[in-house]
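Asker: Can you look at this prediction? I've put the sequence above it.
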Amino acid sequence: QVQLVESGGGLVQTGGSLRLSCAASGPTFSSSFAMGWFRQVPGKDRVLVATIRWNGGISHYAESVKGRFTISTDDAKNTVYLQMNDLKPEDTAVYYCAADPRSTLIKRPDYWGQGTQVTVSS
């Protein structure tokens, strides 16, 4: 099993910044997993925000966050970060960390964190 524990959400004003963290652990966790951040608003599907490969730095972003969000990893801590800058009200959502054991970049996650709320006030 793999456990993903998120932290770092909160309330911020438009133009502000937040950094989300996701600590991965568990007996089956591997640095070959693809990691990613998704977000979801009520009544809509969960959508991919950013994904990254451990140890390689290959990453991909949704168009809506390119140039504002940065995904990164700390391999020694098995932690994935999402640095969010220039936040906008439309970034308000519950953000989920996810892990995919089969892909270089995340496609179909097997594991999810519990979610952390990000609220951007106008």
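Answerer: Arrived safely, thanks for sending.

Asker: Show me the residue at the heart of this structure, geometrically.
Answerer: Centroid-nearest residue in the chain: Trp37, 2.3 Å away (criterion: Cα atoms, centre = their mean).

Asker: In terms of helix, strand or coil, where does it fall?
Answerer: For Trp37, the secondary-structure state derived from DSSP: H, G, I helix; E, B strand; the rest coil is strand.

Asker: Give the bridge partners for it, please.
Answerer: Beta bridges link Trp37 to Ala50, Cys97 when assigned by DSSP bridges.

Asker: Let's see the pLDDT reported for it.
Answerer: Per-residue confidence at Trp37 stands at 98 (pLDDT).

Asker: Any stretches of this structure with poor pLDDT?
Answerer: The chain contains residues with pLDDT under 70 at 56.

Asker: Hmm, Val49 and the residue nearest to the centre of the chain touching each other?
Answerer: Yes. Look at Trp37 against Val49 with Cβ atoms under 8 Å: they come within range, at 4.6 Å. From N, CA and C alone the C-beta is placed, and that goes for glycine too.
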